[in-house]
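Here is a sequence together with a model predicted from it:
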Amino acid sequence: MEEKVKIGLEVHCQITSLKSKLFCSCPSDYRGKPPNTVVCPVCLGLPGSLPVLNWRAVELAARAALALNCKVSKRTLFMRKNYFYPDLPKNFQISQYDRAGGAPIGSDGHVTFMVEKQRKTVRIRRVHLEEDPGKLAYKGTIDTSPYTLVDYNRAGVALLEIVTEPDLSSPREARAFLQKLRSILEHIEVFDGSLEGAMRCDANISLEGGSRVEIKNISSFKDVEKALNFEIVRQRELLKKGGKVRSETRHWDEARGVTFSLRVKEEEQDYRYFPEPDLTPIELSDELLEKLRREMPELPDARKERLMRQYGLPEYDAEVLTSDRRMADFFEEAVRLGGKPKAVANWLMGDVLQVLYSLGQELPSSKLTPAYLAELTRLVETGEISIKIAKKVLWETMKTGMAPSAVVKEKGWKRLADEAELRRIVETVFAENPKAVEDALRDPKAAHFLVGKVMEKTRGMADPELTYRLVSQRLEKLREGKT
Ligand SMILES: [Zn+2]
């Protein structure tokens, strides 16, 4: 049963590279601060206070709009979006609007990304700039908590709202799109996605024959996929039973892994948008736009092409690496420090990701450094350790922060390739396993057992090729002696 699914996303990204909030001089870095300590009359919406626009936020928003292939409005203004909710101290949010004489900073863009090796393009309806509301805290979950606490530290932080057309057709695509969006915004130095709550997402989803449902409060890529999968199943079951999918807003409960109905969705007219009278319209000159274009940092797609050209990487590797700015940065640094490009790429995309996942870590905060990864690839390349041992070394390094060469030394994991020493071990193994030797003399295939015994004795450190050669030579000698 494969009915058509339409998904659109509304993504909120804080402009984390800004020092101060959007309309006041409070620091925008509110994380880890005691509640309601990073506030002032402006972001608390106290009577008589007036907003002052942080112009750098406008420039960065315009840069983001350009990076998302949008048309940038040369004249745009802020609007009041009126609604009553405890996270909003003024009872309105200063935002932008594409109607009632308003214009978002960017519109009609697109983003291309890869999903399951297919290229997919999603249209961007608009990009606009607005202030973040405060943060509500509940005891337990929103629907059962006996009270609500509010922290205004986040109120007034500059936020980009990026709205897509409903061009996505699966939860997996939604996740891949968000990954690409994050990489673009990180490459242009607008935002750092590793900060908690810096990127949040609402999703709307409809199945053929049903109404549009909006899901709020999704805070991670993984959860976007989960929440959408949950909704598809819920709506499909409902439609199958002849029920109707109501147009409504549902809340994603991360802990329980379900969505539940919160309220019937507001209509746009309920927000009574009107121009913000305390701020003048924003004019973006041609010179400024030209300057923003000129100063645009390298975007992921351009970087991908460069990685292929400069390091001879296959397209797939370059795509995976540039889908995460931190991974691409790590890669280039490790290569600069002497790692072979293809080897570094393989480690990063394979074992490193696996170990990160197992340890529940992220690359930038992990104990692996580009220098360590370069060193690890060198140890393998020079034959000092085998690939098998290198994997164990990686684990140790990522667990303890010890340099790979130090791990090898401490654990005694150096490949045993000293011929004389290995020959002595082979002789011991032959002496200890006379039956196996008899078998191997009759059937050459049985020699593998003896090789295995040598490996066992050296805890896997013996050079496999050399071991095999020494075992074969010894068997050959015994055969000659017998005839
Ligand atoms: Zn403030």
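Received, thanks.

use CA for all of it now, contacts and neighbours both
Will do.

List the buried residues for stretch 36-43?
The neighbour-count check on stretch 36-43 (16 or more other Cα atoms under 10 Å) flags 36, 38-40, 42-43 as buried.

contacts with the ion among the residues you listed, please.
Checking the buried residues of stretch 36-43 against the ion by Cα under 5 Å from the ion, the ones in range are 39-40, 43.

Can you tell me the SS state at the one residue in the stretch 101-250 of the chain that gets nearest to the ion?
Closest approach between the stretch 101-250 of the chain and the ion, counting by Cα to the ion: Gly156, at 6.8 Å. Following DSSP: H, G, I helix; E, B strand; the rest coil, the label given to Gly156 is coil.

What is the burial count for it?
Applying other Cα atoms under 10 Å, we find 31 residues neighbouring Gly156.

who's in contact with it?
Contact analysis of Gly156 by Cα atoms under 8 Å, 6 or more residues apart in numbering lists 21-24, 43, 131-134.

What sits closest to it if chain neighbours are left out?
Closest residue to Gly156 apart from its sequence neighbours, by Cα to Cα, 6 or more residues apart in numbering: Glu131 at 4.7 Å.

For the spatially most central residue of the chain, list the residues it contacts.
Nearest residue to the geometric centre of the chain (Cα atoms, centre = their mean): Gln179, 5.5 Å. The contact partners of Gln179, by Cα under 8 Å, 6+ apart, come to 221, 323-324.

ditto for Asp324
By Cα under 8 Å, 6+ apart, the contact set of Asp324 is 179-180, 182-183.

mind running it again at 10 Å?
Counting by Cα atoms under 10 Å, 6 or more residues apart in numbering, Asp324 touches 179-184, 186-187, 193, 300, 330.

Make CSV from these and add secondary structure, distance to Glu161 and pLDDT to it.
Converted to CSV, these look like this (DSSP: H, G, I helix; E, B strand; the rest coil; distance: Cα to Cα, whole Å; pLDDT from 0 to 100):
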residue, secondary structure, distance to Glu161, pLDDT
Gln179, helix, 16, 92
Lys180, helix, 16, 94
Leu181, helix, 12, 95
Arg182, helix, 13, 94
Ser183, helix, 16, 94
Ile184, helix, 15, 96
Glu186, helix, 15, 94
His187, helix, 18, 95
Gly193, coil, 15, 84
Pro300, helix, 20, 95
Phe330, helix, 29, 95
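
which among the residues you listed end up buried?
Using 16+ other Cα under 10 Å, the buried ones in those are 179-184, 186-187, 193, 300, 330.

Show me which pair in the residues you listed is furthest apart.
Farthest-apart pair in the buried ones among the contacts of Asp324 is Leu181 and Phe330; separation 19.2 Å (Cα to Cα).

Please pull out the lowest mean pLDDT helix or strand from this structure.
Within the chain, judged by mean pLDDT, DSSP states H and E, the helix or strand with the poorest mean is strand 258-263; its value is a mean of 80.

Thanks again, I'm all set now.
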